[in-house]
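*Asks:* The sequence and its predicted three-dimensional model are supplied below.
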Amino acid sequence: MEIIFMGTPEFACSSLLTLIRSKHDIVGVITQPDRRRGRGMKVSFSPVKELSLKNNLNIYQPLNINDPEFINFLRKISPDLIVIVAFGRILSKEVLKLPKDGCINLHASLLPKYRGAAPIPWAILAGEERSGVTTFYLSEEVDSGDIILQREEEIRKDDTTATLSRRLAETGAELLIETIAKIEGKEAPRIPQDKGRATYAPRLKKEDGLIDWKRSASQIERFVRAMDPWPGAYTYVKVKSKNEKVPREIQRISGTKSSESFQDSRGKVKTEERKNILKIWKAEIAYRVSHIADRKFQPGEVIDITKEGMVVVCGEGLLLVKEVQPAGKKRMSASSFSSGYRIKRGDILNNKSEIQKPNALRLHWRAHK
């Protein structure tokens, strides 16, 4: 079959590579335009473009996939099938009608659950035991077309979005080849989705990574894994130095300049009460602690520090924080961080951080108490 492939991130590369090695003819690869990234704002290619360049494929990067001129260009190519894997753009009805065998998508969930841009982190966050991949025919409504094939994948207890993504990408590539074979043989089923079972997984934003210590330890443990690698789960710790400049990462989130005091929802806070962002990469539920004082504790309070990490009070239960990353630094063990940054029992993470505004993630939690 003559196929146009549409995709952008690393997740799509397994499918593209499998297609390259198949008998099918890839007549074009469409990926998103190059972006400037990093501190030096250097031009960066998408992973799909990098792979396409290595394999001498025809690459197209329209600013608008639904532009009439580009649609006319696609019409001249006249592909048998368009395959979409994490492309990141919605296709118009005109594009959907172009290929004679239709447009199919590989989605990283068992549809109709977790429609949307971020199905993998949302599945981990919800505590699902199984996820999977689905191939389906595209329709005008996002992720709602008829299902062709599905394959399940276990969500392991230590899975992060990164680890689960890698396995689903490989499983999805195999399922995609099987799907195309069925379409070619006129054997592909069309199973309508049950709209009553549909759930949604909206795109995550950077601020969605802020930990709410009022949640249970089990929720926060899943949250840390769901936010890895992006946006990363983070909290705030009090800056020890009175004269330290506001870190760049705080400037980006809060909009403050290096010479200004950090602001929370109640206005300006004294410079010595500023917070540093602390990303948390590894954590587990704590069942025992070596020291507990005879008093009540606040959510976010550090109540024990051991060689394994910092034990933090949650809304329900305790969390052992094992690996962290201070702003502008490399990842390190939580025990090394606590000694180097003078963290002690009784310190509060996220203290006075009522800066969080309601977002999709917190509204989801609120609806599933």
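*Replies:* Nice, I can see it. Residues are numbered from 1 along each chain as shown.
*Asks:* okay, CA-based contacts and neighbour counts for the rest of this
*Replies:* Will do.
*Asks:* Can you give me the domain boundaries for the chain?
*Replies:* Listed domain ranges for the chain are 2-197, 206-367 (source: automatic domain parsing).
*Asks:* By mean pLDDT, show me the worst of those domains.
*Replies:* Note on those: domain 206-367 shows the lowest mean pLDDT, a mean of 76.
*Asks:* re the thing from before, now the domains of the chain in JSON lines, please, with extra columns for mean neighbour count.
*Replies:* Listed next are the domains of the chain as JSON lines, based on neighbours: other Cα atoms under 10 Å:
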{"stretch": "domain 2-197", "mean neighbour count": "18"}
{"stretch": "domain 206-367", "mean neighbour count": "17"}
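*Asks:* For stretch 176-187, list the C-alpha coordinates in CSV.
*Replies:* Provided in CSV are the C-alpha atoms of stretch 176-187 (Å, rounded to 0.1, in the frame of the first residue of the first chain):
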residue,chain,number,x,y,z
LEU,A,176,-0.5,-1.1,13.4
ILE,A,177,1.0,-3.6,10.9
GLU,A,178,-1.7,-6.1,11.7
THR,A,179,-4.3,-3.4,11.2
ILE,A,180,-3.0,-2.4,7.8
ALA,A,181,-2.9,-6.1,6.7
LYS,A,182,-6.6,-6.4,7.6
ILE,A,183,-7.4,-3.2,5.7
GLU,A,184,-5.5,-4.4,2.7
GLY,A,185,-7.3,-7.7,2.8
LYS,A,186,-10.7,-6.0,3.2
GLU,A,187,-11.1,-7.8,6.6
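*Asks:* who's in contact with it?
*Replies:* 1, 15, 18, 19, 101, 106, 135, 148, 149, 188 (Cα atoms under 8 Å, 6 or more residues apart in numbering).
*Asks:* Apply 6 Å and report the result again.
*Replies:* residue 188 (Cα atoms under 6 Å, 6 or more residues apart in numbering).
*Asks:* Check stretch 333-342 too.
*Replies:* Counting by Cα under 6 Å, 6+ apart, 307, 309, 322, 323, 324 sit against stretch 333-342.
*Asks:* Just give me the longest helix of the chain.
*Replies:* helix 161-184 (DSSP state H).
*Asks:* Tell me the helices and strands packed up against the helix or strand harbouring residue 235.
*Replies:* Taking DSSP states H and E as the definition, residue 235 sits inside strand 233-238. Helices and strands touching strand 233-238, as assessed by 3 or more Cα pairs under 6 Å, 6 or more residues apart in numbering; DSSP states H and E, comprise strand 275-286.
*Asks:* what sits against the closest residue to residue 225 other than its chain neighbours?
*Replies:* Spatial nearest neighbour of residue 225, chain neighbours left out: residue 160 (4.4 Å); criterion: Cα to Cα, 6 or more residues apart in numbering. Contacts for residue 160 (Cα under 6 Å, 6+ apart) come out as 225, 226, 228.
*Asks:* Give me the three-state assignment for residue 36.
*Replies:* strand (DSSP: H, G, I helix; E, B strand; the rest coil).
*Asks:* oh, and call the first residue 22 from now on, that's how I've got it
*Replies:* Yep, numbering from 22; the last one is residue 57 now.
*Asks:* surely it meets residue 67?
*Replies:* No - with contact defined as Cα atoms under 6 Å, residue 57 does not reach residue 67; the gap is 10.9 Å.
*Asks:* C-alpha coordinates for stretch 250-263, PDB please?
*Replies:* Extracted C-alpha coordinates of stretch 250-263, given in PDB (Å, rounded to 0.1, in the frame of the first residue of the first chain):
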ATOM      1  CA  PRO A 250       9.100  12.700  32.300                       C
ATOM      2  CA  TRP A 251       6.900  15.800  31.800                       C
ATOM      3  CA  PRO A 252       6.000  18.100  33.400                       C
ATOM      4  CA  GLY A 253       7.600  16.500  36.400                       C
ATOM      5  CA  ALA A 254       6.100  16.500  39.800                       C
ATOM      6  CA  TYR A 255       7.300  19.400  41.900                       C
ATOM      7  CA  THR A 256       6.900  21.100  45.300                       C
ATOM      8  CA  TYR A 257       8.400  24.100  47.000                       C
ATOM      9  CA  VAL A 258      11.100  24.300  49.700                       C
ATOM     10  CA  LYS A 259      12.000  27.400  51.600                       C
ATOM     11  CA  VAL A 260      15.200  29.100  50.400                       C
ATOM     12  CA  LYS A 261      17.800  29.200  53.200                       C
ATOM     13  CA  SER A 262      19.800  32.200  51.800                       C
ATOM     14  CA  LYS A 263      18.300  35.700  52.100                       C
END
